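A.B. asks: one predicted model, sequence on top.
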Amino acid sequence: MIAAAAANMGVMDCKALELLHLVEQPDGAGTALPVKVVPGASRDRLAGLLGDRLKVTVSRPPEKGAANRAVAALLAGALGLRPREVELMAGASSAEKTFLVRGLSAAEVRGRLAGKGRRRGA
């Protein structure tokens, strides 16, 4: 399912990705990625943009952090990262969340979401 989500993101409009509000962390830890999560969906996927957030749907329910873990894994796969390199920063119990993408600049995150960036292991 992660590969399918990454494939879906490959067709995203690069200009639309400019609307995504990414914030590079001042300590160099990575980039904050805002998402809108829809848990309990029929499938896991990166569904495009909703305002200045990336809309992500996951089939896992919002119970005991299951949906949050599914979103982190989905984002890691789409960005070509290891799961431990995507971490929930804020919004544990909210549909609007922020994930820290470790080791990537905002430009690299946009590039990978657009299917342009070099992915680890590729």
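C.D. replies: Yes, it's here.
A.B. asks: please name the nearest non-neighbouring residue to the residue positioned nearest the centre of the chain.
C.D. replies: By C-alpha atoms, centre = their mean, the chain has its centre lying nearest to Leu75, at 3.8 Å. Excluding the flanking residues, the one nearest Leu75 by C-beta to C-beta, 6 or more residues apart in numbering is Val86, at 4.8 Å. C-beta coordinates here come from the backbone N, C-alpha and C atoms, glycine included.
A.B. asks: which ones are touching that neighbour?
C.D. replies: Val86 is in contact with Ala72, Ala73, Leu75, Ala76, Leu79, Phe99, Leu100, Val101, Arg102, counting by C-beta atoms under 8 Å, 6 or more residues apart in numbering.
A.B. asks: partner residues bridging it?
C.D. replies: Val101 (DSSP bridges).
A.B. asks: pull the distance from the longest helix along the chain to the chain's centre.
C.D. replies: In the chain, taking DSSP state H as the definition, the longest helix is helix 66-79. Mean-position distance between helix 66-79 and its chain equals 7 Å (C-alpha atoms, centre = their mean, to the nearest Å).
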